[in-house]
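[1] Okay, sequence plus prediction incoming.
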Amino acid sequence: MKIISKVYNFLVFGFLYAPIVVMIVYSFNSKKSRTDFGGFSFRWYAELFQDDIILRSLWLSLLVALLSAIIATVIGTAASVGIHSMKGLKRRAYLAVNNIPVVNPDIVTAISMMILFVFVITKFNGLEMGFATLLISHITFNIPYVILSVLPKLRGLNPNIYEAAQDLGCPPGKAFLKVVVPQITEGIVTGFIMAFTLSLDDFVISYFNSGSSAQTLPVTIYSMTKRPYSPKINALSTLLFLSVMILLVMVNLRKTNGNNSKKGELK
Amino acid sequence: MKKALSFILSICVVLPILAFSGCGGNGDKITLNVYNWGEYIDMSAVYEFEKTYGIDVNYTTYASNEEMYAKVSSGAASYDIVIPSDYMIGKMIEEGLLAELDFANIPNYSLIGDEYKNLAFDPDNKYSVPYTWGTTVVMYNKSVVDPADVKDKSLDLLWNEKYSGQILMFDNPRDAFGLALHKLGYSMNTTNPDEWEAAAKELKKQKPILQAYVMDQIFDKMSSGEAAIAPYYAGDALIIQESNPDIEYFIPKEGANMFVDSMCVLKNSQHKTEAEMFINFMCNTDVAVMTAEMIGYATPHTEAKKALDPAITSNPVVYASAEVLENTEVFLNLSPEISLLQSELWTDIKKD
Amino acid sequence: MKNKSLLAKFASAPYTVWMCIFVIVPIALVVYYAFTDADGNFTFGNMTSIVEYGSTFLISLKLALISTVICLLMAYPVAYTISKMKQRRQSTMIMLVMLPMWMNFLIRTYAWMTILEGNGLINRFVRMLGGEGFSMINTDGAVVLGMVYNFLPYMILPIYTVLTKIEKSTIEAAQDLGANRLSVFRRVLLPMSIPGIISGITMVFVPAVSTFVISKLLGGGKTFLIGDIIENFFLGNTGTVNYNVGAALSLVLMILILISMTIMNHFDKDESSGGIM
């Protein structure tokens, strides 16, 4: 029984990692072939760093992910506080609408926003799809995830402390920042990270809402898949994979270290 | 904490301003949005243009005329330069999407051969500067395909069940229907709905024996031997043959599509003069030679043609002779009704 | 107290405005486009023309359902065995499940092309062993494989989450009462993991039924799903752009998913199901 389950797990993980291994191996191919391996070389990595289109879209992706995550975290955290104080039907309705971008298939969210943008753009001259529409669409699908991770933390909060701070003469805004925010930091950080990675990874919504001047990395990758094969795409994937892996390992190590020494979260 | 928060807040305030000003062009450096077919330029030419003129080029690509048209016509994205094919240029002129060019800014226009000027889609040649031309061809892998099957140079090869699973087909309706209509002996520009229906039937019949509907993936699939038969554009066949000497190609006897792809400036371009500078730059003889060598298509540039390797310019398929061209057709802009019918029939074929 | 509610009201105001403009208005526009023609006149034409795409809906549903079932069957044993491991191993294994998710799905799908092609790695291997190559890419099967591959982690994670929440003592109690392995699974484990299964199913089914990329990359343009048609109507790859029919199709897709989610949630007693990640 034990062996069967071990073999089974091995097969499933083999399935999950097979394409990734293939990709990494072929990124070092000296030949420009998807299946023939000509020998080991860093050729495609060198070419990757000379490809302006890829580098520009990588930079744009990071920028959009960072900005949209920051804005979504601010709006979403504030909204969570509001939702927390709502009751009954109003609360349920609010959460239902909040859930729309989460539940809806990406393509429906994407085209609904595209319709809005095209509608506005054709009404007013001089506007165009681009960075602004891209950013707006990313913020829109990010906020619900921030709320979903902040709201549960608020639920566990003791309201008396906040009121006590006010009774002691702290103005409400300051009391919120000094008393409430530190207690829900974990939720905010989770929400931020989630928003950041979702935005970085998104293809469908960017594909429909990016216009001419703002292609994110996934959109560029998609157009690369439609063109003749270049191992640059493998080199790029390998680098992305390694950075994600290192990041995850680091976060995990820090978590376990932090837990062991009971230092708690930083800041 | 406070500092971090005020930082975040200030970003939120500054950001929308930045985002919107981004549309107008950041700072004083102009950005040209060039929207071209995939694998259709030598990127070093673009870099050279950027360096020479201090203008940034935002270069993006499309896989079919229709894809380009949808993006441009929605008005949502603004491009400065596009390089559509003949019939699409006609359509875009009709719909007022293209700007009249100021040929004073394009002195190199005189280097373009006269036989490529004033064509039916742009009769007074006010909107377009020819970039490449060519015909569609049928490619096959001679190590797989029986010589007897290609002897008559017929489109039937694309429907030959013997090669089931090894045939590729155009993944755009205009080219795919063009082939089917020619196979049936009709014009590619027919206005008879029955002929379109008949062509659709042919395409449906073909679907089960196809390996895939593709566009530029043809390069890989044909050169690696993954597929054995495919229709595509003459210049590309030349490039594919370089990487796989087993590839041969012919202009089908039933007729073929003769196309001219031309550079155009869009009406809503904010930088028309710079766009014209770009077009002129692409018509510099050395740049035109670079382009022709990289993409393999026939060049309409007389000086560039002289400078190219004679082995290429004497290729009877790439630089087809006048007699061969007599058997070819140029796509014309379809009427809205036929255009709609074509799109419905195509969706119907694909979803079956 | 009063101050607090004032602050709270003010706090959610920006999002209320945002939601109205960028969530509600777009959905309203989808509905508007679905029921008007190109000139803006009211019509049922778009909705009735959807009948033509009935077969596409069916194929999409079929492939998505098959993928979901395969994902469930594959994921449950994995989630179960992981939940039985030591704490430290568990987090490593879960990290291993999540790691591929962090790679863009386009890249992962693209890599499968290399493996499945006629001259791809599997066929080369088979031929090396003296076997006959066979075609795998550009079939419905390849599309299903792509879906299973991409969405499998979404099934493993929520099931794993609920399984870890089941107290050991519950299972021990059942065993003490004489239940054998099978009935422990059937009577205790399975019912208690329903919430995770449900959220796993929705997280696999929704993206699978609406994809247009996987079908394009692994189906060779021969498998046409509902997502492909919507994409075509909005980005015009077939020659005509038609927001109206595209909107109608999206609306129907949205409603279909809403209905199936409501049905699914019916099975789910616990309101806050397995969680998103």
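    Sure thing, it's come through. Numbers count the residues shown, from 1 in each chain, chains lettered A, B, ... in the order given.

[2] Dump stretch C:236-253 to CSV, restricted to CA.
    Extracted in CSV, the C-alpha atoms of stretch C:236-253 (Å, rounded to 0.1, in the frame of the first residue of the first chain):
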residue,chain,number,x,y,z
GLY,C,236,-12.1,39.5,-35.3
ASN,C,237,-9.9,36.6,-36.4
THR,C,238,-12.6,35.2,-38.6
GLY,C,239,-13.1,38.4,-40.5
THR,C,240,-15.9,40.2,-38.7
VAL,C,241,-16.1,41.7,-35.3
ASN,C,242,-19.4,41.4,-33.6
TYR,C,243,-19.6,42.6,-30.1
ASN,C,244,-23.3,41.8,-30.0
VAL,C,245,-23.2,38.1,-30.6
GLY,C,246,-20.0,37.9,-28.6
ALA,C,247,-21.7,39.6,-25.7
ALA,C,248,-24.7,37.2,-26.0
LEU,C,249,-22.4,34.2,-25.9
SER,C,250,-20.5,35.6,-22.9
LEU,C,251,-23.8,36.3,-21.1
VAL,C,252,-25.0,32.7,-21.7
LEU,C,253,-21.6,31.3,-20.5
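
[3] now that stretch: how far from the chain's centre is it?
    Distance of stretch C:236-253 from its chain centroid, counting by Cα atoms, centre = their mean, to the nearest Å, is 22 Å.

[4] quick one: it near chain B?
    Yes: using Cβ under 8 Å from any Cβ of the partner chain, stretch C:236-253 comes into contact with chain B via C:236-241. Placement of C-beta: from N, CA and C, glycine included.

[5] Quick check: residues of the stretch 151-277 of chain C near chain A?
    C:152-153, C:206-207, C:209-210, C:212-213, C:217, C:227, C:230-231, C:234-235, C:243, C:246-247, C:250, C:253-254, C:257-258, C:261, C:276-277.

[6] change it to 10 Å
    C:152-153, C:156, C:181, C:202, C:205-213, C:216-217, C:226-228, C:230-231, C:233-235, C:243, C:246-247, C:249-251, C:253-254, C:256-258, C:261, C:272, C:275-277 (Cβ under 10 Å from any Cβ of the partner chain).

[7] what about the residue of the stretch 151-300 of chain B found nearest chain A, which SS state?
    Ranked by Cβ to the nearest Cβ, the top residue of the stretch 151-300 of chain B for proximity to chain A is residue B:219, at 3.8 Å. With DSSP: H, G, I helix; E, B strand; the rest coil as the basis, the three-state label of residue B:219 is helix.

[8] Do any residues in the longest helix seen in chain A lie close to chain B?
    In chain A, taking DSSP state H as the definition, the longest helix is helix A:52-85. Yes: for helix A:52-85, a contact with chain B is found by Cβ under 10 Å from any Cβ, at A:52-53, A:56-57, A:66-68, A:70-71, A:73-75.

[9] Which entries within the residues you listed meet the buried criterion?
    A:53, A:56-57, A:66-68, A:70-71, A:73-75 (16 or more other Cβ atoms under 10 Å in any protein chain shown).

[10] any chance of the residues you listed in a markdown table, plus distance to residue C:120 and pLDDT?
    Formatted as a markdown table, those follow (distance: Cβ to Cβ, whole Å; pLDDT from 0 to 100):
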| residue | distance to residue C:120 | pLDDT |
| --- | --- | --- |
| A:53 | 28 | 86 |
| A:56 | 32 | 89 |
| A:57 | 28 | 91 |
| A:66 | 38 | 96 |
| A:67 | 40 | 97 |
| A:68 | 38 | 97 |
| A:70 | 43 | 97 |
| A:71 | 44 | 97 |
| A:73 | 43 | 97 |
| A:74 | 47 | 95 |
| A:75 | 46 | 96 |
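
[11] So which of these reach chain C?
    Within the set of these, contact with chain C (Cβ under 10 Å from any Cβ) is found for A:71, A:74-75.

[12] show me where the stretch 151-277 of chain C has helices.
    Under the criterion DSSP state H, counting those that start in this stretch, helices of the stretch 151-277 of chain C are mapped to C:168-176, C:181-183, C:190-210, C:213-219, C:226-235, C:243-267.
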